[in-house]
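1. please find the sequence and the predicted model below.
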Amino acid sequence: MFKKITRKSLEAFLAAYASQERVLDIGAGGSTYGTFFPNRVSYDIDPARKPDIVGDAHEMPFVDGEFRMIVCTEVLEHLKDPIRAIIEMRRVLKHNGTLLLTTRFVYPIHDSPHDYWRFTKYGLRELFKEWEIVELREETDTCGTLAVLLQRIAFQTRLRANRPLKFAVLALAALVARLSWLIAEEYGDIKKATSETGILSSGYYIVCKRR
């Protein structure tokens, strides 16, 4: 009932692209996604997370075109210069190689103080305009995002009457996540002039090919 909504979605996304190939997993220290990528090379700036290689995503110690696949989950928002990091990812990826990347849009501060950016789907299309975008989709719909935010309140705060109130907040999150049917239409502005989808996504999943 109280499993992280985002974790379930992320695992399903990665499972769909599981690979036995040698994969570069950027920001992978401490993650459990080796299940989907058993031959991954974990790369992280924090040595305490015990990655295979310690290093900075802005300047990676790999030769051009070394990897056929790169996985980068929940990292882009923590990079001081995401454009530079994307250029590096493109450099170390083989021609027609695949990048699997996830990042945040409507989401609380996390892993502070190293939380710098939030991205819309339009911003991601701009960042990856030199790539072939195979897939770009919302992690959650609008009600799902409200549920995610309620979960994060429970996870990231100390409430008055802490334990029973946290249980109540998590139960409310589970209920809100099931209310998507209430929304008939979404718009990209308050004048309702432009039809839109996913106006409150918690984040995005993007799959790109290096041209």
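-> Perfect, thanks for sending it.
2. count of neighbours near residue 204?
-> Residue 204 has 22 neighbouring residues, counting by other C-beta atoms under 10 Å. In short, each C-beta sits where N, CA and C put it, glycine included.
3. next, the buried residues of the helix or strand hosting it.
-> Remark: residue 204 resides in strand 203-209, with elements defined by DSSP states H and E. Under the neighbour-count criterion of 16 or more other C-beta atoms under 10 Å, strand 203-209 has 203, 204, 205, 206, 207, 208 buried.
4. please tell me how far residue 165 sits from residue 151.
-> According to C-beta to C-beta, to the nearest Å, residue 165 stands 14 Å off from residue 151.
5. give me phi/psi at residue 103?
-> phi -160, psi 180 (degrees, to the nearest 10).
6. do you know how far it is from residue 133?
-> Residue 103 is 14 Å from residue 133, by C-beta to C-beta.
7. likewise residue 161?
-> 47 Å.
8. which one's more surrounded, the two?
-> With neighbours defined as other C-beta under 10 Å, residue 161 and residue 133 compare such that residue 133 has more, 14 against 8.
9. need the nearest residue in space to that one, chain neighbours excluded.
-> Counting by C-beta to C-beta, 6 or more residues apart in numbering, residue 133 lies nearest to residue 208, which is 5.5 Å off, once chain neighbours are set aside.
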